[in-house]
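> Task: produce atomic coordinates for the following.
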Amino acid sequence: MTFALVGLEPRRVEAEAHVQFGQPSFTIVGLADRACQEAKQRVRSGTLSAELTWPGKDHRITVNLAPAELKKEGSGFDLPIALAILAATHQIPRARLEEHASCGELALDGRLRRVGGVIAVADGARRAGLERLVCPYEACAEAALAGVEPVGVRHLADAAAYLRGELEPPEFVVGNGKPRRPPLDLADVRGQERARRALELAAAGRHNMLLGGPPGIGKTMLARRLPGILPPLEEEQALEVTRIHSVAGLVDPDHPLVGYPPFRAPHHSASTAAIVGGGPRLRPGEASLAHRGVLLLDELAEFQRPALEALRQPLEDGEILVARAAGSVRFPARFQLIGTMNLCPCGARGDPGAECTCSAQRLARYRDKLSRALMDRFDLVVTVPRPRATDLQGGPGEGSDVVRGRVVAARLRLAETRPARTPEADELLTRAVERLPLSGRGRAKVADVARTIAALAASDQVLPEHLAEALAYRPPKELST
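Next up is the predicted model:
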């Protein structure tokens, strides 16, 4: 037994082998893709290298991966196919094999290589009532996260000896290594107090943020330090994020658990499928890899407009539905979107020390790269000024550890109670809707940011000054006119 992945979900697959006299051949059926079909060469060479018996020249081998209508992709079926053939030729006991699930890629010399999605396969085995998973030794830490006992083997010969009862692999002990914290510290930023304040608000309230301004002033530097002030993931969230990264093959074998919010920063040439997921194998995209974390789109206006527009729905729903003719899969995508961009194509707009040479038509084309609907989904829009010389020569700013403490405290307050607006704050919000003007979504985002400001101030109510600060983070005239 093994499991195929449909999106992030494991689907049970049984590898069946039939060996009979006849015209010599080796056939794999059951809607196997090219990587799976190529297992014929790896399995044959690996079996012979393990000094196990391969059926003679007068034998016909047929392997069926059931159910036949489910597409099988990848090299993780190598080990189940090899074990099924060994069972069919009575080299390992079938009853013993049925007590285990298995997955792994075979090298030509019989060694086992880890594959992506081991935690999802292990979770499928647990749901099927199996307690053990035969897998490459390097994948044991990942499989153990799903609650099954990993049987880590390094070679096909070891797997066969274990199933015959001749070898007991060393018991895998779950390590106590702590997840790695993001290394970048907010203390590296000099000056930029307003942008630092907005970054703290984004962390405390899980708000989307856009940083605009001339090039070279620290927009990307600020954005890359957001993960450092976010609290660690809870256990259930960490397992959810690890599962996504496992399917994408991005798990660190030494530290498989993704314990801190992930950070993804794709290049602006990324396609729509790369951003939201999909492609020939229906794999998660950058938005899903940033689930429970941060998705940074540096140079936002340079991304393809279809890729940006595709983010509008997951920003609201927290998930992505990828639909194809062959079926559809859902990927979780509850992330914070952080964007950075210049205020004009030449980059001089907003810089008092430079003169913008962009024409009105060029500015209009530049702003049209971002739709109003997408801009409306940013809770915080901050124009970052060029820092002063005294700021750059000053000492380190407030460190990430200190800021993270305030963020954690504010999140706890928001989880326990939602600060209500005072009548004066309500009146200010009503006037703002008429004068700015604000859309319904924009009004809701201003109210959410004001609640975050109140929580950071340890206030039980949203006061007019909290609402006024929230209104100051709406799109500036450089991006809205």
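> Give the next helix or strand downstream of the one helix or strand A203 maps to.
In the assignment (DSSP states H and E), A203 maps to helix 193-205. From helix 193-205 onward toward the C-terminus, using DSSP H and E, the following helix or strand is strand 209-212.
> Mind giving me the packing neighbours of that next one?
If you count contacts as 3 or more CB pairs under 8 Å, 6 or more residues apart in numbering; DSSP states H and E, strand 209-212 packs onto helix 193-205, helix 219-223, strand 336-341, strand 380-383. (C-beta placed from N, C-alpha, C; glycine too.)
> Now do it, average pLDDT.
The average pLDDT within strand 209-212 is 95.
> which residues of the stretch 101-250 of the chain fall in helices?
118-127, 140-144, 156-163, 193-205, 219-223, 235-247 (DSSP state H, counting those that start in this stretch).
> Could you dump those into TSV with mean neighbour count, mean pLDDT and distance to Y366 added?
Formatted as TSV, these follow (neighbours: other CB atoms under 10 Å; pLDDT from 0 to 100; distance: least, CB to CB, whole Å):
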stretch	mean neighbour count	mean pLDDT	distance to Y366
helix 118-127	25	96	43
helix 140-144	26	93	45
helix 156-163	23	97	58
helix 193-205	22	96	22
helix 219-223	21	94	16
helix 235-247	20	95	34
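> Which one, of those helices, ends up nearest to E309?
Closest to E309 of these is helix 219-223 (CB to CB; 21.3 Å).
> so what does that closest one touch, helix or strand wise?
helix 193-205, strand 209-212, strand 294-297, strand 336-341.
> so where is this protein shaky, pLDDT-wise?
173-181, 325-326, 477-481 (pLDDT under 70).
> Tell me which residue is most central in this protein.
Centroid-nearest residue in the chain: L289, 1.3 Å away (criterion: CA atoms, centre = their mean).
> can you pull the contacts of the closest residue to that residue other than its chain neighbours?
Of all residues not flanking L289 in the chain, R264 sits nearest, at 5.1 Å (CB to CB, 6 or more residues apart in numbering). Each residue near R264 by CB atoms under 8 Å, 6 or more residues apart in numbering is listed here: E286, L289, A290, G293, V294, L295, L296.
> R264 and G124, how far apart?
Applying CB to CB, to the nearest Å, the value for R264 to G124 is 26 Å.
> ditto for I244
Distance from I244 to G124, by CB to CB: 16 Å.
> cool, G116 as well?
Counting by CB to CB - G116 and G124 are separated by 14 Å.
> now swap in R164 and tell me
Taking CB to CB, one finds R164 at 25 Å from G124.
> How about E319?
From E319 to G124 the distance is 21 Å (CB to CB).
> and if you look at D426?
Taken as CB to CB, the span from D426 to G124 is 52 Å.
> Now distance to P10 too, for the contacts of R264, in CSV please.
Formatted as CSV, these follow (distance: CB to CB, whole Å):
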residue, distance to P10
E286, 23
L289, 19
A290, 23
G293, 24
V294, 28
L295, 26
L296, 31
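> of all the residues you listed, which comes closest to P136?
Closest to P136, out of all of these and judged by CB to CB, is L289, at 23.0 Å.
> mind listing what the nearest residue to R281 once chain neighbours are set aside touches?
Using CB to CB, 6+ apart and skipping the chain neighbours, the partner closest in space to R281 is E73 (5.6 Å). Under the criterion of CB under 8 Å, 6+ apart, the neighbours of E73 are A4, L5, D33, A35, C36, R281.
> Need the buried ones from these selected in ChimeraX.
To isolate the buried ones among the contacts of E73 in ChimeraX, judged by 16 or more other CB atoms under 10 Å, type:
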select :4,5,35,36
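> Make TSV out of the contacts of E73 and add distance to T357.
Shown next, in TSV, are the contacts of E73 (distance: CB to CB, whole Å):
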residue	distance to T357
A4	56
L5	52
D33	53
A35	52
C36	57
R281	46
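> State the distance from A444 to E200.
Taking CB to CB, one finds A444 at 21 Å from E200.
> Contacts only, for the nearest residue to L436 once chain neighbours are set aside.
Spatial nearest neighbour of L436, chain neighbours left out: R474 (6.6 Å); criterion: CB to CB, 6+ apart. Applying CB under 8 Å, 6+ apart to R474 gives the contacts V381, L436, L438, G442, V446.
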